[in-house]
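*Asks:* what follows is a predicted structure for the sequence shown.
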Amino acid sequence: MSRNLTWRERLEQNWPQGDTAYYAVGPGDGEPPTGRVRRVMRVVGPLMGVVWAVFLLQPWQAAWDSVPGWERIVSLAAVLALGLSFAWVVFTRAGPHGERMSNRHAALFLVGQTALVAVSCLGAKQDGLVGLVFVCVTGVFLLRDPRSLGLALWACLLILVVPRLVPGWETIDDLLISVILATVAVFGFTQLVMRNRQLQLARDEVAVLAVERERERIARDIHDVLGHSLTVISVKAELAAKLHDVDPDRSRQEMLEVQNLARTALADVRGMVTATRAVTLAGELAGARQAFDSAAIAAQVPGTIDEVPEELRVLFAWAIREATTNVLRHAAATSVQITMGPDALTVDDDGTGPADDERGNGLHGLVERARAAGARVEVSTSPLGGYRLLVTTRDDARDSKERTA
């Protein structure tokens, strides 16, 4: 009897790469610890920021101890409003998931907070300037760029100048250290959080691109493997049907070869899925010769691959497979000529020639393989009157009428 898998078992079976699996695992027998931590930190993080509001107790106490009257009431209300506005910013704008406020709205918000600091000074006097620390930190959360550091310099200038201009106020130069440290620390932490968020997004994008690239590779390999094998099977099955009444023994032999080809195709597909399939140049030449013989196509196929360097043999093998498939399926040719050298492979036939809009999946796949190997693919009309497929690493092989890559 099957049972529901836990998130850890699903992660190990389906997503062995780690963190990216957390987005694919739903509720079940528990949830990924990282997902829980992220949700907890979205609440705990802002709460830790709001704790800073405790430093507003200094201007609050100073305003509370001031002479009773409207100035005292207004100062207390301003300190309270400043604390609430700071808490709102921390909960809605701080962190990697907070939305950045527009420059105009951020400027208006900071001007409003500065006005609250000025009003709080009516009762708290010089102690009301402590609110400038929260204005600077709010600027870091809203602007999220080095301009917020300039805001700290402006606050330091006010702390130095205003107490010396207002009669009866005492200087509070030690507040400069609090403003600078708070602004720089929050700015650095905010930048670190943003960079981590960008890194996580980049990792997610790389994972998506890797999946898409692997999907394209599998689709291309399936086309190349099955397209060639099924084409040869079709040709041999047609030949066996024609020979059924004329030469039963030959027909039986062809059907046995069809059976072997089907098994080989199945093995190729399995090998492709498990990444163990190998394509060899010698094997593709032998397969092409056999396929052309079955289709009654006169073929000149090289008997040796010694001239071809090792790094080009796999590419030439795929090119011969693609060319053989095209000749059997589309060309209606009676003769084929394959020539190879240390830097070029040419396949010519006397068939119908290339169509103006011919861009099959197999050819596109071959172009990608050639580009990865530092070569190019060219398609043109063959001197035999049909189709020419040229794969080369030379720079001077530009005699084709149509260049594919």
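*Replies:* Arrived safely, thanks for sending.
*Asks:* now do the strands in this protein.
*Replies:* If DSSP state E is used as the criterion, the strands of the chain fall at 298-300, 335-340, 344-349, 376-381, 387-392, 402-403.
*Asks:* so which residues make contact with the first one?
*Replies:* In this case it means strand 298-300. Counting by Cβ atoms under 8 Å, 6 or more residues apart in numbering, strand 298-300 makes contact with 288, 289, 292, 293, 334, 335, 336, 337, 338, all of which sit outside it. The C-beta positions use only the backbone N, C-alpha and C, and glycine is treated the same way.
*Asks:* filter those down to the buried ones.
*Replies:* Of the members of those, the ones counted as buried by neighbours, 16 or more other Cβ atoms under 10 Å, are 288, 289, 292, 335, 336, 337, 338.
*Asks:* ok, the fifth one touching residue 327?
*Replies:* Yes - assessed by Cβ atoms under 8 Å, residue 336 is found in contact with residue 327 at 5.7 Å.
*Asks:* now do the shared contacts for the two.
*Replies:* In terms of Cβ under 8 Å, 6+ apart, residue 336 and residue 327 are both contacted by the residues 292, 297, 347, 349.
*Asks:* longest helix in the chain, please.
*Replies:* When the chain is parsed with DSSP state H, its longest helix is helix 175-242.
*Asks:* by contact count, what packs against that one?
*Replies:* Where contact means 3 or more Cβ pairs under 8 Å, 6 or more residues apart in numbering; DSSP states H and E, helix 175-242 is packed against helix 131-143, helix 147-165, helix 248-273, helix 281-294, helix 310-326, helix 361-372.
*Asks:* now do the fifth one against helix 175-242, angle only.
*Replies:* Orientation check (axes from the mean of the first three to the mean of the last three Cα atoms, to 10 degrees): helix 310-326 against helix 175-242 gives 50 degrees.
*Asks:* only the buried residues of helix 310-326, if you could.
*Replies:* Residues of helix 310-326 classed as buried: 312-326 (neighbour count, 16+ other Cβ under 10 Å).
*Asks:* same deal with the second one?
*Replies:* Within helix 147-165, the residues scored as buried using 16+ other Cβ under 10 Å are 148, 149, 151, 152, 155, 156, 158, 159, 162, 163.
*Asks:* just the fourth one next, same as before
*Replies:* By neighbour count, and taking 16+ other Cβ under 10 Å as the criterion, the buried residues in helix 281-294 are 281, 284, 285, 287, 288, 289, 290, 291, 292, 294.
*Asks:* wait, the fourth one sits on residue 328?
*Replies:* No - applying Cβ under 8 Å as the test, residue 287 and residue 328 come out as separate, 11.4 Å apart.
*Asks:* got any residues that touch both of these two?
*Replies:* Residues touching both residue 287 and residue 328 by Cβ under 8 Å, 6+ apart: residue 232.
*Asks:* what ranges in the stretch 1-150 of the chain fall below the confidence cut-off?
*Replies:* With pLDDT under 70 as the threshold, the stretch 1-150 of the chain has low-confidence stretches at 1-51, 95-100.
*Asks:* 90 instead?
*Replies:* Under the criterion pLDDT under 90, the flagged ranges of the stretch 1-150 of the chain are 1-72, 79, 82-107, 110, 113-114, 120-150.
*Asks:* which of the shared contacts of residue 336 and residue 327 are buried?
*Replies:* Restricting the shared contacts of residue 336 and residue 327 to buried positions leaves 292, 297, 347, 349, with burial counted as 16+ other Cβ under 10 Å.
*Asks:* from residue 104, how far out is the first one?
*Replies:* Same thing as residue 292. The gap separating residue 292 from residue 104 is 74 Å, by Cβ to Cβ, to the nearest Å.
*Asks:* next one: residue 247
*Replies:* For residue 247, the distance to residue 104 (Cβ to Cβ) stands at 89 Å.
*Asks:* out of the two, which sits in the busier spot?
*Replies:* When residue 247 and residue 104 are compared for neighbours, residue 247 comes out ahead with 13 against 8, by other Cβ atoms under 10 Å.
*Asks:* need phi/psi at that one.
*Replies:* Dihedral angles of residue 247 (phi, psi; degrees, to the nearest 10) stand at phi -140, psi 80.
*Asks:* state the pLDDT value of it.
*Replies:* According to the per-residue confidence, residue 247 scores 83 in pLDDT.
*Asks:* same question, the one 3 residues further on
*Replies:* The predicted local distance difference test score for residue 250 is 82.
*Asks:* what do you get for residue 379?
*Replies:* Confidence at residue 379, expressed as pLDDT, is 88.
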